[in-house]
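S.K.: sequence and predicted model, in that order:
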Amino acid sequence: MRRRPKLPAAVAMVAAYLLWVLGEGRGWLVGWHLASGLPVVAALARFAYLTGRVTTADIEDRLIHDRVMIGCEVLWLMTFVAGL
């Protein structure tokens, strides 16, 4: 039940990101920027998973030490920069 309010916010964020991408791109570079949306979706899913678990660790510690989250961030950066 805690996760339901997060889903509309995540969907709105991804939609806003993709609309921004479509307005910013030129030519074939739009594809790279659109591809950068996939790691954003993966990071949001991982964030929901990490914040949904019951633990005594701070969320900041969970986020900066989670290798999957770091991988999503690096992949997003690589695909976004490839489209510049």
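M.R.: Structure's in. What do you need?

S.K.: what comes up buried for the worst-scoring helix or strand of the chain on mean pLDDT?
M.R.: When the helices and strands of the chain are scored by mean pLDDT, DSSP states H and E, helix 29-35 comes last with a mean of 81. Buried residues in helix 29-35, counting neighbours by 16 or more other Cβ atoms under 10 Å, are found at 32-35. (Each C-beta comes from the backbone N, C-alpha and C, glycine too.)

S.K.: for stretch 48-68, same thing?
M.R.: Applying 16+ other Cβ under 10 Å to stretch 48-68 flags 50, 62-63 as buried.

S.K.: cool, stretch 67-83 as well?
M.R.: Buried residues in stretch 67-83 (16+ other Cβ under 10 Å): 69, 72-73, 75-76, 79-80, 83.

S.K.: still on that earlier bit, can you tell me which of the buried residues of stretch 48-68 end up in helices?
M.R.: With helices defined by DSSP state H, the entries of the buried residues of stretch 48-68 inside them are 50, 62-63.

S.K.: can you check what pLDDT the model gives the residue most central in space within the chain?
M.R.: Note on the chain: the residue nearest the mean C-alpha position is Val40, at 2.1 Å, using Cα atoms, centre = their mean. pLDDT recorded at Val40 is 89.

S.K.: cool, Leu75 as well?
M.R.: Looking at Leu75, the pLDDT reads 93.

S.K.: which SS state does it fall under?
M.R.: The three-state label given to Leu75 by DSSP: H, G, I helix; E, B strand; the rest coil is helix.
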